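Chemist: Please find the sequence and the predicted model below.
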Amino acid sequence: WSGYFFKSTDGGSSWSQSNRFNVEENFTDNPTLPDSNDGFTTTTNLCVNPLNSNELFVSANWRLWYSSNGGEKWFERSKGADISCVKDLYFMDGKTYAVAMDEGLLVTSNGGSNWKALYPLKYDANGSGHQWRVRVIKTYSDLIFISTLDSWTTHVPRILRSTDSG
């Protein structure tokens, strides 16, 4: 996918195309990238913050993009997420959760300026691998995380569930 998305601000009566080249790459926090401004590459998901429709994340192979102005300008936000292929994103209570191939479940509370691993915290033969989807459910006392996993060793698809806020 070349990396465009379309946006409507009038309920779908008209649409405008984003400029995928209006991006600010971050070679310091993601030094594995080639020195080129090629915008979004192999985009896997677009997630809109339900509490602020101007706050967007795009997950893509090797990159995470963040916009605080409805997609007019994009910033790469990969610090702490290594060279992840992020496959899914989810917003909950001011935090953004991401699942990634090889990296697991990650969280940021500052618009992706830096990411923290939630699962796995270190290599685990049965728990490390490719995570594909994430959902977060809020209960009275905790957050429940649900994620899909294909571990590197068993290659048996599993569903991970945490009932103690991770």
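Modeler: Sure, I can see it. Nothing here was measured: the structure is a model prediction, and the numbers come from that model. Numbers count the residues shown, from 1 in each chain.
Chemist: mind checking which helix or strand of the protein has the lowest mean pLDDT?
Modeler: strand 23-24 (a mean of 68; mean pLDDT, DSSP states H and E).
Chemist: pLDDT below threshold where in this protein?
Modeler: Across the chain, the ranges flagged by pLDDT under 70 are 1-4, 19-42, 61-62, 78-84, 164-166.
Chemist: all strands of it, in order?
Modeler: Taking DSSP state E as the test, the strands found in the chain are 6-7, 16-17, 23-24, 43-49, 52-60, 63-67, 74-76, 85-92, 95-101, 104-108, 116-119, 129-138, 143-151, 157-162.
Chemist: As JSON lines, those with mean neighbour count would be great.
Modeler: Every residue, glycine included, has its C-beta placed from N, CA and C. Conversion of those to JSON lines gives the following (neighbours: other CB atoms under 10 Å):
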{"stretch": "strand 6-7", "mean neighbour count": "12"}
{"stretch": "strand 16-17", "mean neighbour count": "11"}
{"stretch": "strand 23-24", "mean neighbour count": "16"}
{"stretch": "strand 43-49", "mean neighbour count": "17"}
{"stretch": "strand 52-60", "mean neighbour count": "19"}
{"stretch": "strand 63-67", "mean neighbour count": "24"}
{"stretch": "strand 74-76", "mean neighbour count": "21"}
{"stretch": "strand 85-92", "mean neighbour count": "20"}
{"stretch": "strand 95-101", "mean neighbour count": "23"}
{"stretch": "strand 104-108", "mean neighbour count": "23"}
{"stretch": "strand 116-119", "mean neighbour count": "17"}
{"stretch": "strand 129-138", "mean neighbour count": "18"}
{"stretch": "strand 143-151", "mean neighbour count": "19"}
{"stretch": "strand 157-162", "mean neighbour count": "13"}
